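Novice: could you work out the structure for the sequence below:
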Amino acid sequence: MAWTTTDIPDLTGKIAVVTGANGGLGLESAKALAGAGAHVIMAARNQEKAQAAQDEIMAAYPDASLEVVELDLASQASTKAAAASIAERHPTVDILINNAGLMAMPERRTEDGFEMQLGVNHFGHWTFTAGLLPSLLAADSARVVTVTSTAHHTGRPIDPDNVNLEGSYSAWGAYGRAKLANYHFALGLQREFDSRGLAAQSLVAHPGLSHTNLQVHTVEQGGGGASAPFWAWMARNTGMDADRGALPQLRAATDPNAKGGEFYGPRYVNRGPAVRLPVLRPGNDDAIETLWEVSEQETGVAFDFEEERRVA
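Specialist: Here you go, the predicted model:
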């Protein structure tokens, strides 16, 4: 039978963090985790939308345990502050879903000077995850789920000599690159956990073609070119609703049989039940190593696992 939210085990006593929990896949993920008993930290940039999302979850689950934290992944300072505030209040974090993201937008820079899609989708989550590492390692067997896209198949690995795509930017090319970085980050993080014998697990998931505001925003911003309205139409007329699109990341985060390094998504590429997918690895090792080096250099943030274990 197809995996659904009814298969989520009892999460009472667990702490879950979801980025971009104010709408779409993030909201559905936060709602499902709260419904299963977890204390859910909703990390989001837009606080007005986050409050509305919190109200929606409370209407569905009046006993839900929720907490809203301001997180702007386009700001390394905001990202560090959000992670620090969560870690201070929560010595353990059991689930982290790196869900938030931007898609196919016009060329822009974050406040730190990063190409916006890579800066938010990857560098922001890199720093946020590193900041939560003490709490993740202090949990019995934490799971970090990073959300990619089928567009990662079209992406190219980061070029250390042109991290910000200066002179070669394209909206969809930058999106594919950012989503490939998400994919490689998840696999690389599991490699780091494995090499140290840590119980924490890192998994990757993609939602397929889901009908959320992501496609609408792409059209409104004008960054996706002539194809953006087509994909918005496809998502609206053939895509899965957000609650179904969120199932792969929820399964990766909660299925007792899921394991670190695995990849979850719809069975039929962009539609269908949430299943484990093959991890295609040609060239991944070199790309992961490069991603790690570039991420440390650009953000100034390193995953010092030995130090974090001592702190935890």
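
Novice: now do the helices in the stretch 1-150 of the chain.
Specialist: 24-35, 47-60, 76-89, 116-118, 125-138 (DSSP state H, counting those that start in this stretch).

Novice: my error: substitute the stretch 201-312 of the chain in the last question.
Specialist: According to DSSP H, counting those that start in this stretch, the helices that the stretch 201-312 of the chain contains are 213-221, 227-238, 242-245, 247-254, 284-299, 305-311.

Novice: so Thr299 versus Ala43, what's the distance?
Specialist: Relative to Ala43, Thr299 is positioned 18 Å away (C-beta to C-beta, to the nearest Å). C-beta here means a position set from N, CA and C on the backbone, and glycine is covered the same way.

Novice: to clarify, my last question referred to Arg109.
Specialist: 22 Å.

Novice: neighbour count winner among those two?
Specialist: In this view Arg109 and Ala43 are compared by other C-beta atoms under 10 Å, and Ala43 has more residues nearby, 32 against 12.

Novice: and that one, what is it in contact with?
Specialist: Contacts for Ala43 (C-beta atoms under 8 Å, 6 or more residues apart in numbering) come out as Val17, Val18, Thr19, Gly20, Ala21, Val69, Glu70, Leu71, Ala82, Ile86, Ala100, Phe128.

Novice: who touches the fifth one in this structure?
Specialist: Just to be clear, that refers to Ala21. Leu27, Ser29, Ala30, Val40, Met42, Ala43, Ala44, Ala50, Ala53, Asn99.

Novice: quick one: contacts for the fourth one?
Specialist: The neighbourhood of Val40, defined by C-beta under 8 Å, 6+ apart, consists of Ala16, Val17, Val18, Ala21, Ala30, Leu33, Ala34, Ile57, Ala64, Ser65, Leu66, Glu67.

Novice: including pLDDT, could the residues you listed go into JSON lines?
Specialist: Below are the contacts of Val40 laid out as JSON lines (pLDDT from 0 to 100):
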{"residue": "Ala16", "pLDDT": "98"}
{"residue": "Val17", "pLDDT": "99"}
{"residue": "Val18", "pLDDT": "98"}
{"residue": "Ala21", "pLDDT": "97"}
{"residue": "Ala30", "pLDDT": "98"}
{"residue": "Leu33", "pLDDT": "98"}
{"residue": "Ala34", "pLDDT": "98"}
{"residue": "Ile57", "pLDDT": "98"}
{"residue": "Ala64", "pLDDT": "98"}
{"residue": "Ser65", "pLDDT": "98"}
{"residue": "Leu66", "pLDDT": "98"}
{"residue": "Glu67", "pLDDT": "98"}
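
Novice: which of those are buried? Put it as a PyMOL command.
Specialist: Only the buried members of these enter the following PyMOL selection, criterion being 16 or more other C-beta atoms under 10 Å:
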select buried, resi 16+17+18+21+30+33+34+57+64+66
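
Novice: okay, the contacts of Val40 in CSV with distance to Asn121 next?
Specialist: Putting the contacts of Val40 into CSV (distance: C-beta to C-beta, whole Å) gives the following:
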residue, distance to Asn121
Ala16, 20
Val17, 17
Val18, 15
Ala21, 16
Ala30, 19
Leu33, 22
Ala34, 25
Ile57, 25
Ala64, 28
Ser65, 28
Leu66, 25
Glu67, 24
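
Novice: quick one: which of the contacts of Val40 is nearest to Thr148?
Specialist: The closest of the contacts of Val40 to Thr148 turns out to be Val18 (C-beta to C-beta; 16.0 Å).

Novice: hmm, back to that, list just the nearest of the contacts of Ala43 to Ser295.
Specialist: Phe128 (12.2 Å).

Novice: just checking, that closest one touches Leu73?
Specialist: Yes. Contact between Phe128 and Leu73 holds when scored by C-beta atoms under 8 Å: they sit 7.0 Å apart.

Novice: overlap of the contact sets of the two?
Specialist: In contact with both Phe128 and Leu73: Thr19, Thr79, using C-beta under 8 Å, 6+ apart.

Novice: for the closest residue to Leu73 other than its chain neighbours, what are its contacts?
Specialist: Leaving aside its sequence neighbours, Leu73 sits nearest to Gly124 (C-beta to C-beta, 6 or more residues apart in numbering; 2.9 Å). Neighbour list for Gly124: Leu73, Ala74, Gln76, Thr79, Ala100 [criterion: C-beta under 8 Å, 6+ apart].
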